[in-house]
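Peer 1: Let's see this in three dimensions:
(one chain, ligands or ions: 1)
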Amino acid sequence: MAKVLLAVTGGIAAYKAIDLGGSLRKRGEEVRVIMTKAATRFATPLTFSAVSAATVYTDAFETENGIILHTTLSKWADILVVAPLTANTAAKLSDGIADNLLTMTALAFEGPKLAVPSMNVRMYENPVTVNNLLKLQRNGWNILEPSYGHLADGEYGKGRYPENDNILFEIDRITGPNDFKDVNVLVTAGPTQEPIDPVRYLTNRSSGKMGYEMAKAAKVRNANVYLISGPVDLKTPYGVERKDVKSSEEMKEAVLEKMEWADVVIMAAAVADYKPVFISEQKIKKNSDELNLHMAKTSDILMEISKVRRPRQFVIGFAAETQNALENAKHKLKSKGLDMIISNDVMRTDIGFDSEYNEVTVLCKNGDAVRLSRNKKCSIAKNILDIVKTHRVKLP
Ligand SMILES: Cc1cc2nc3c(=O)[nH]c(=O)nc-3n(C[C@H](O)[C@H](O)[C@H](O)COP(=O)(O)O)c2cc1C
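Peer 2: The predicted structure follows:
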């Protein structure tokens, strides 16, 4: 867990950083907070201290037991996060001005730095601010761009404080291992829908959560991630490019289109095995006691992939089974020519479908098998990537 020094400046969004401090604390991160004088006009140090379980510092000259705050804090932190960053402090930081605890600490800090500028759109687009932010970037700062939207004063434009989830993501990315940098990762996730008539379809019980966590985990490690998603109710992970598809046929087309690009292919989608042969143009009426659907096999996407895959492309399948999970997964690993397969038992109610948790066995082409015991899907995804990393380097 990282030691995060959260610095808050006097913008209207200062109150939103309270929740950021709280989220960092919940994740088990150690947090200390610096507030500028102006920041204390928008949110109180007491609130920050209570929500983040953190000591809050506001005055460089109020030393404790002879400790010089700016040098001590700059040595303590793993990452400095300025959220929100005002135009005023951006100007000071870009010029090396050190006239308060935050600017002094930033100047002394040698680790990774993240700034989250947030202000009125005209302040943000003013060439002076644009230049200051560019200068900060050139000096090694990571800048998380503000969002578009309604601003505090009723205007609309770029300048809004971004979602705290995106800031947390950036903290993870910056402090993370960076070991998938420049690797192109293609992920499929979610169910498919096979139409019966204009109002009905056949689908399967997949929330898409595991695939989305795989996409997010790869992005955090600086991969380029392209996510092909069936219909799900999930937010696109920050920084991930997403293409939405519905049917298994659309999923297949989308995957084949990206095969040349991909270095790692993670097939986590639950693709229908069968689809109706005839799609009724009109809604099928409830006129008879029985209705027989004539079904045909859908295309086998993993098989299609095996025909076009290029050397050193690492392909991972998922096997959700209700019985003989490991045996079935081993068979699929071999028959589809995969490098790795992730097997899970979907009969269990405490993991799998819709759950935040999973428990899986990772089977590798060379016979290695790793059991990942019940954990949050985000942790399972991270562990799977660790295994992918070691096996990928062994590819001929
Ligand atoms: C109501 C109000 C809202 C403000 N909101 C912002 C803001 O969102 N972003 C910004 O850059 N400055 C904003 N300012 C201006 C800063 O508070 C001002 O520049 C201050 O000197 C910043 O000090 P600091 O950078 O030391 O925190 C606001 C000022 C007021 C009065």
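Peer 1: and the residue lying closest to Tyr274 once chain neighbours are set aside, how far is that from Glu327?
Peer 2: Once flanking residues are discounted, Tyr274 sits nearest to Met295: 4.2 Å by C-beta to C-beta, 6 or more residues apart in numbering. The C-beta positions use only the backbone N, C-alpha and C, and glycine is treated the same way. Computed as C-beta to C-beta, to the nearest Å, the Met295 to Glu327 distance reads 26 Å.
Peer 1: Between the two, point out the one with more neighbours.
Peer 2: Met295 (14 against 11; other C-beta atoms under 10 Å).
Peer 1: Quick one: name the residues of the stretch 101-250 of the chain near the ligand.
Peer 2: Contacts of the stretch 101-250 of the chain with the ligand, taken as C-beta under 6 Å from any ligand atom, map to 118-119, 123.
Peer 1: Please identify which of these is nearest to the ligand.
Peer 2: Closest approach between these and the ligand, by C-beta to the nearest ligand atom: Met119, at 3.4 Å.
Peer 1: ok, the closest one - contacts?
Peer 2: By C-beta atoms under 8 Å, 6 or more residues apart in numbering, the residues touching Met119 are 11, 84, 86-87, 129, 146, 159.
Peer 1: Including distance to Ala215, could the residues of the stretch 101-250 of the chain next to the ligand go into TSV?
Peer 2: Below are those laid out as TSV (distance: C-beta to C-beta, whole Å):
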residue	distance to Ala215
Ser118	27
Met119	31
Met123	34
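Peer 1: which ones among the residues you listed are found in helices?
Peer 2: Met123 (DSSP state H).
Peer 1: Kindly reformat the residues of the stretch 101-250 of the chain next to the ligand as a markdown table containing pLDDT.
Peer 2: Putting these into a markdown table (pLDDT from 0 to 100) gives the following:
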| residue | pLDDT |
| --- | --- |
| Ser118 | 97 |
| Met119 | 97 |
| Met123 | 96 |
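Peer 1: Out of the residues of the stretch 101-250 of the chain next to the ligand, the closest to Ser373 would be?
Peer 2: The closest of these to Ser373 turns out to be Ser118 (C-beta to C-beta; 41.1 Å).
Peer 1: Return the distance of the residue of the stretch 151-300 of the chain found nearest the ligand relative to Ile174.
Peer 2: Per C-beta to the nearest ligand atom, Ala152 is where the stretch 151-300 of the chain lies closest to the ligand, at 6.7 Å. In this view, Ala152 and Ile174 are 28 Å apart by C-beta to C-beta.
Peer 1: out of those two, which sits in the more crowded spot?
Peer 2: The neighbour comparison of Ala152 against Ile174 (other C-beta under 10 Å) goes to Ile174, with 20 against 14.
Peer 1: Torsion angles phi and psi at the closest residue to Leu293 other than its chain neighbours?
Peer 2: Leaving aside its chain neighbours, Leu293 sits nearest to Pro276 (5.3 Å; criterion: C-beta to C-beta, 6+ apart). Backbone geometry at Pro276, expressed as degrees, to the nearest 10, gives phi -60, psi 140.
Peer 1: my read: Pro276 touches Gln193, true?
Peer 2: No - Pro276 lies out of contact with Gln193 (C-beta atoms under 8 Å); the separation is 11.3 Å.
Peer 1: Can you pull the residues that touch both of these two?
Peer 2: Shared contacts of Pro276 and Gln193, defined by C-beta under 8 Å, 6+ apart, are found at Leu202.
Peer 1: how far does the helix or strand of the chain with the lowest mean pLDDT sit from the chain's center?
Peer 2: Among the helices and strands of the chain, helix 325-335 carries the lowest confidence by mean pLDDT, DSSP states H and E, at a mean of 86. Put simply, helix 325-335 sits 29 Å off its chain's centre (C-alpha atoms, centre = their mean, to the nearest Å).
Peer 1: residues contacting the residue nearest the centre of the chain?
Peer 2: Residue closest to the average C-alpha location in the chain (C-alpha atoms, centre = their mean): Lys216, at 3.1 Å. Contact partners of Lys216, counting by C-beta under 8 Å, 6+ apart, are 169, 237-238, 240, 378, 381.
Peer 1: now swap in Lys158 and tell me
Peer 2: With the criterion set at C-beta under 8 Å, 6+ apart, Lys158 makes contact with 121, 124-125, 145-148.
Peer 1: Redo those residues as a markdown table? Include neighbour count and distance to Ser373.
Peer 2: Converted to a markdown table, these look like this (neighbours: other C-beta atoms under 10 Å; distance: C-beta to C-beta, whole Å):
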| residue | neighbour count | distance to Ser373 |
| --- | --- | --- |
| Val121 | 18 | 49 |
| Tyr124 | 21 | 47 |
| Glu125 | 13 | 51 |
| Glu145 | 13 | 39 |
| Pro146 | 22 | 41 |
| Ser147 | 13 | 38 |
| Tyr148 | 12 | 43 |
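Peer 1: In helices, which of those residues fall?
Peer 2: Using DSSP H, these in helices are 121, 124-125.
Peer 1: Buried residues, stretch 218-236. List them.
Peer 2: Going by neighbour count (16 or more other C-beta atoms under 10 Å), the buried part of stretch 218-236 is 218-230, 232, 234.
Peer 1: where does the residue nearest to the centre of the chain land in three-state SS?
Peer 2: For Lys216, the assignment made with DSSP: H, G, I helix; E, B strand; the rest coil gives helix.
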